[in-house]
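Visitor: Fold the following and give me the result.
(one chain, ligands or ions: 2)
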Amino acid sequence: MDITLHQSALSNQSSPIVITGSKSESNRLLLLQALFPNLNITNLSHSDDSEVMQRALQSDLKTIDVHHAGTAMRFLTAYYAVQIGKEITLTGSSRMQERPIEILVDALKDLGADMGYLGKKGYPPLRIKGKILSKSEVVLKADVSSQYISALLLIAPKLQNGLKLILEGNITSKPYINMTLSLLNQIGIETSFEGQVIQVQHQDEINNQTIVVESDWSSASYFYSLAALSPIGTTITLVSFNEQSIQGDTVLKEIYKDFGVNSIFKDGRLTLQKINEPLKTHFECHLVNAPDIAQTIAVTSFGLGLSCELTGLHTLKIKETDRLQALKTELEKLGGTVHISNDSLKLEVCNTITKAVSIDTYNDHRMAMAFAPLCLKTDIVINDFEVVSKSYPSFWDDLKTLGIKVSQ
Ligand SMILES: O=C(O)C1=C[C@@H](OP(=O)(O)O)[C@@H](O)[C@H](O)C1
Ligand SMILES: C=C(OP(=O)(O)O)C(=O)O
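Guide: Ligands and ions are numbered 1, 2, ... in the order given. Sure thing, here's the model as predicted:
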């Protein structure tokens, strides 16, 4: 189904937007909780991806389907590899069956795992038979997806001798690896990360404890974009966010300064203030550490009539859709001119936005949410609007709270 966002301005009296827990943190903690049952978690994400993860970990079924959830696919591959005596099929949506997993499968097999492909080599679905993994050191490529590395790190404390990972190549999405290590440290597990080598110590048990999931910074990006596209003086308040976070997407607060948005933290609230128009007409950003906010930034630049060059985007082609191609197609429908390569996107200056365009979302929540803020400039239709539930089910309600006029 589609949804129409009528050209609107944000209300200046709206209540704060409450964003729930980070899906990345939630899915890591859910897996750690399955390994260490005395870990208690609060403020879990309400996203489809976290619900899928929760259901999978509680399931006795022989086939586990994670739909579109990349973290669930990768983290559960490692988890089931060490579930002794269990044999399962792990599968996902048709897109998931095009998202590569060979680097992780090879690393787990090198450690002693018993698993294989049920379809195309290198891709889900997988057959996994849990066993004790005998080895504790493995070499793997780090330039395709950090999720393979996080998956191995999450099961590492339960391996007999812990784990030493030797990373090859440029490390992509590094803040997500640091997030995994930080959560391991928070529950009392010792780790080190020096150069290309990560080590995790073996640990059987942890102390009883509760971890509060931080609110989701990737979801906050759409509000940064709304603030950037609004007149000077506009404010949007988000709860609950603190300046210190283990999520790499906190770089938003630096990046959006260039678009005239200031971030003020007070008592767990983050207020975004549009304080000036962009100081430059061309924007450049290297996003190898924050791939999930690339779509938001490209659309903000377009909406502001700026040219931009975004680099470090080689992972975008293997996400929910080929995000580089999807951005080019949809921005060009709106009148933009976009050049893409395997790892970059260049947008030319465009001062008129084509009206009432229908944006295709390609089963990608971030396509829907990244384009939505353009309703501050023109009417816009978002096709298959339900996709947002992958990470942010209440997104459209939250837009209405801000005064955006929405109809179905
Ligand atoms: O570990 C995680 O929670 C994630 C890592 C990133 O993936 P890649 O490492 O594949 O870039 C990111 O894009 C994804 O949304 C979540
Ligand atoms: C890429 C994403 O998720 P995943 O890889 O976990 O499917 C995302 O949420 O933008």
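Visitor: The residue of the chain found nearest ligand 2: neighbouring residues, count only.
Guide: Minimum separation of the chain from ligand 2 (CB to the nearest ligand atom) falls at residue 70, amounting to 2.6 Å. Heads up, the C-betas are built off the backbone N, CA and C, glycines and all. Under the neighbour criterion other CB atoms under 10 Å, residue 70 is assigned a count of 21.
Visitor: That one touches residue 319, doesn't it?
Guide: Yes - taking contacts as CB atoms under 8 Å, residue 70 lies within contact range of residue 319: 7.3 Å.
Visitor: shared neighbours, those two?
Guide: Residues touching both residue 70 and residue 319 comprise residue 99, with contact defined as CB atoms under 8 Å, 6 or more residues apart in numbering.
Visitor: Can you read off the pLDDT for residue 136?
Guide: Each residue has a pLDDT score; the one for residue 136 is 98.
Visitor: One more: residue 169?
Guide: With respect to pLDDT, residue 169 has a value of 98.
Visitor: now swap in residue 356 and tell me
Guide: You'll see residue 356 listed with a pLDDT of 87.
Visitor: circling back to that earlier point, the residue of the chain closest to ligand 2: what's it in contact with?
Guide: By CB under 8 Å, 6+ apart, the residues touching residue 70 are 49, 96, 99, 145, 147, 319, 320.
Visitor: I'd like to check what contacts the helix or strand where the fifth one lies. Which residues are they?
Guide: Looking back up the chat, that one is residue 147. Secondary-structure assignment from DSSP states H and E places residue 147 in helix 146-155. Residues outside helix 146-155 that contact it (CB under 8 Å, 6+ apart) are 28, 31-32, 35, 70-71, 74-75, 77-79, 81-82, 101, 103-104, 107-108, 138, 140, 142, 163, 165, 167, 171-174, 176-177, 179-181, 184, 191, 198, 200.
Visitor: Those in helices, which ones?
Guide: 28, 31-32, 35, 70-71, 74-75, 77-79, 81, 103-104, 107-108, 174, 176-177, 179-181, 184 (DSSP state H).
Visitor: what residues does the stretch 201-350 of the chain put near ligand 2?
Guide: 292, 319, 320 (CB under 6 Å from any ligand atom).
Visitor: how about the residues you listed in a markdown table, adding neighbour count, pLDDT and secondary structure?
Guide: As requested, these are exported to a markdown table (neighbours: other CB atoms under 10 Å; pLDDT from 0 to 100; DSSP: H, G, I helix; E, B strand; the rest coil):
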| residue | neighbour count | pLDDT | secondary structure |
| --- | --- | --- | --- |
| 292 | 24 | 98 | helix |
| 319 | 21 | 98 | coil |
| 320 | 24 | 97 | coil |
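Visitor: Show me which of these is closest to ligand 1.
Guide: The nearest one, if we look at those relative to ligand 1 and count by CB to the nearest ligand atom, is residue 292, at 4.8 Å.
Visitor: Identify the residue spatially nearest to that closest one, adjacent ones excluded.
Guide: In this structure, residue 292 finds its nearest non-sequential neighbour in residue 218, 4.7 Å apart by CB to CB, 6 or more residues apart in numbering.
Visitor: So residue 177 is in contact with residue 191, correct?
Guide: No - Residue 177 sits out of contact with residue 191 when judged by CB under 8 Å, with a separation of 10.2 Å.
Visitor: how about the helices in the stretch 201-350 of the chain?
Guide: Using DSSP state H, counting those that start in this stretch, the helices of the stretch 201-350 of the chain run over residues 217-228, 252-255, 294-303, 323-333.
Visitor: Turn those helices into a markdown table, including mean neighbour count, mean pLDDT and distance to ligand 1.
Guide: Compiled in a markdown table, these are given as follows (neighbours: other CB atoms under 10 Å; pLDDT from 0 to 100; distance: least, CB to the nearest ligand atom, whole Å):
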| stretch | mean neighbour count | mean pLDDT | distance to ligand 1 |
| --- | --- | --- | --- |
| helix 217-228 | 27 | 98 | 7 |
| helix 252-255 | 19 | 98 | 15 |
| helix 294-303 | 28 | 98 | 10 |
| helix 323-333 | 21 | 98 | 10 |
